[in-house]
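Engineer: sequence and predicted structure are below.
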Amino acid sequence: MEAGIIELLLRGIAIGAIATMGIGLARGQGGPSTRIAGALFCAGVAAYVINSSPTLRANVGWLIYPVHLMAFGGMGQFWLFVVTLFEDRKIDWRTLAPWIVLTVIGLFGNVVRAEPWFSTIWISHNLIETGLALHALYIVTRSWRGDLVEERRKLRGPFLAATLLFAMTLSAFEIGESLGLRYDWYGFAFALGMAIFCLAGAATFLQARPELFGAVLPAKPDDALAPADRALLAKLETVMGPGEAWRREGLTIGSLAEEVGVPEHRLRRLINDGLGHRNFAAFVNAHRIEEAKRRLRDAAHAQVSVSTIAFDLGFGSLGPFNRAFKDATGVTPTEWRKQPSPIS
């Protein structure tokens, strides 16, 4: 009995901490996508803490239905939070798809009880969760070096790695349960882990600066920059403008810093503070998109395919080019080309 009471107390601590974090994120000063994704993630975690306890499930009444809906897609909500926080992606049907798919599969698993379908559905659900956790880890690592927001760079390693490790361990336990393996200590260990996880999350995110969550700070005016930074910015613009460094596929902030002749950390700060970019890819793509806009309206390039223009400007594939172009202009490259050119 005492162990059961302690477990409920730990779950209550977890729910309280993650609810506080969710409210703080939703009311914060960050970008709308990160605020929405953060609030959804926190709601999903709280729902999962409730849904995984037979005692709590039996005492929430009709609220068990929205709890089920939020809990089924929890890893999809986590993945959504990761891509909006660490890649500055906006919420759209592509970023919502994993959450929706997991929720639908979970609903099927809640209705279909006959074997072998029941086990197959939940094993599939848990494998997708594990895949999303691994992909989230990949997202964190692939954009690490190009991150221009110092606080976000510092956050990547310690907290998110621990979070993903916990999520993957949790998925492994769930897969074991789906296969008929159940341990008496699992409920207490889960509640303890969730309490630590939620308290750490609340402590980390509620004291973070707004720019961590996608709040775009305006670029500093030239007169607000130190003379040395103004000179460095002019040199950078020469390398990126007439020098067309942006055209090179695979350009890194390290190689650009070497060409400009400054330490990488100083160039990162300059691009973030002086130009207002949050990641290096966005900085490079801004130059590429400007050239793409010009070529798509240029009669001399009227017969050149969109894919050829994308590859020539340094994009490795058409998909990233289309996404970057639409994010910058609101339309696809093809739609941009069809629009009448503005009168000079």
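Structural biologist: Sure, I can see it.
Engineer: neighbours of Ala43, how many?
Structural biologist: Ala43: 20 surrounding residues under other CB atoms under 10 Å. In short, each C-beta sits where N, CA and C put it, glycine included.
Engineer: domain ranges for this protein?
Structural biologist: With domains defined by automatic domain parsing, the chain comprises 2-213, 222-338.
Engineer: who touches stretch 12-27?
Structural biologist: For stretch 12-27, contacts defined as CB atoms under 8 Å, 6 or more residues apart in numbering pick out 34-36, 38-39, 41-43, 45-46, 49-50, 191, 194-195, 197-199, 201-202, 205-206, 213.
Engineer: what separates that stretch from the chain centre, distance-wise?
Structural biologist: On the basis of CA atoms, centre = their mean, to the nearest Å, stretch 12-27 sits 19 Å off its chain's mean C-alpha point.
Engineer: number the chain from 477, please
Structural biologist: Taking 477 as the first residue, the last one we looked at is stretch 488-503.
Engineer: quick check: mean pLDDT of that stretch?
Structural biologist: When pLDDT is averaged over stretch 488-503, the result is 91.
Engineer: and the helix or strand containing Leu708, how far from the chain's centre?
Structural biologist: For Leu708, the enclosing helix or strand under DSSP states H and E is helix 703-716. When distances are taken as CA atoms, centre = their mean, helix 703-716 is centred 31 Å away from the chain's centroid.
Engineer: name the residues that touch that helix?
Structural biologist: Contact with helix 703-716 is made by 698, 701, 721-722, 732, 735-738, 742-743, 746-747, 750-751, 763, as judged by CB under 8 Å, 6+ apart.
Engineer: so which bits of it are buried?
Structural biologist: Neighbour counts over helix 703-716 (16 or more other CB atoms under 10 Å) mark 705, 708-709, 712, 716 as buried.
Engineer: could you provide the residues you listed in TSV, with additional columns for pLDDT and distance to Arg813?
Structural biologist: Below are these laid out as TSV (pLDDT from 0 to 100; distance: CB to CB, whole Å):
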residue	pLDDT	distance to Arg813
Asp705	79	38
Leu708	84	36
Leu709	84	33
Leu712	88	30
Met716	86	25
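Engineer: quick one on the thing from earlier: pull out the buried residues from the contacts of stretch 488-503.
Structural biologist: The neighbour count (16+ other CB under 10 Å) marks 510-512, 514-515, 517-519, 521-522, 525-526, 667, 670-671, 673-675, 677-678, 681, 689 as buried among these.
Engineer: next helix or strand past the worst-scoring helix or strand of the chain on mean pLDDT?
Structural biologist: Here the helix or strand of the chain ranked lowest by mean pLDDT, DSSP states H and E is helix 637-654, holding a mean of 70. Following helix 637-654 in sequence order, the next helix or strand is helix 662-681 (DSSP H and E).
Engineer: centre-most residue in the protein?
Structural biologist: The centroid of the chain falls nearest to Val559 when counting by CA atoms, centre = their mean (1.5 Å).
Engineer: gap between the nearest residue to Ala643 once chain neighbours are set aside and Ala671?
Structural biologist: Distance criterion CB to CB, 6 or more residues apart in numbering; nearest residue to Ala643, sequence neighbours excluded, is Ala609 at 4.6 Å. Here Ala609 is placed at a distance of 20 Å from Ala671 (CB to CB, to the nearest Å).
Engineer: does Val807 belong to a helix, a strand or coil?
Structural biologist: Secondary structure, DSSP: H, G, I helix; E, B strand; the rest coil: Val807 is coil.
Engineer: can you tell me how far it is from Phe801?
Structural biologist: For Val807, the distance to Phe801 - CB to CB - is 8 Å.
Engineer: so for those two, which sits in the more crowded spot?
Structural biologist: Comparing Val807 with Phe801 by other CB under 10 Å, the one with more neighbours is Phe801, at 26 against 13.
Engineer: from Leu608, how far off is that one?
Structural biologist: 27 Å.
Engineer: got it, and Leu743?
Structural biologist: From Leu743 over to Leu608 the distance is 33 Å, taken as CB to CB.
Engineer: then Thr596?
Structural biologist: 19 Å.
Engineer: which of those two has more residues huddled nearby?
Structural biologist: Leu608 (24 against 13).
Engineer: tell me the contacts of that one?
Structural biologist: By CB under 8 Å, 6+ apart, Leu608 lies in contact with 551-552, 554-555, 574, 578.
Engineer: and which of the residues you listed is nearest to Asn602?
Structural biologist: Using CB to CB, Met551 is the member of these that lies nearest Asn602, at 9.0 Å.
Engineer: work out for me the element the nearest residue to that closest one once chain neighbours are set aside sits within.
Structural biologist: Excluding its sequence neighbours, the residue lying closest to Met551 (CB to CB, 6+ apart) is Glu605, at 3.9 Å. Using DSSP H and E, Glu605 falls within helix 593-618.
Engineer: ok, and for that helix, which residues are buried?
Structural biologist: Buried-residue list, helix 593-618, by 16+ other CB under 10 Å: 594, 597-599, 601-602, 604-606, 608-609, 612-613, 615-616.
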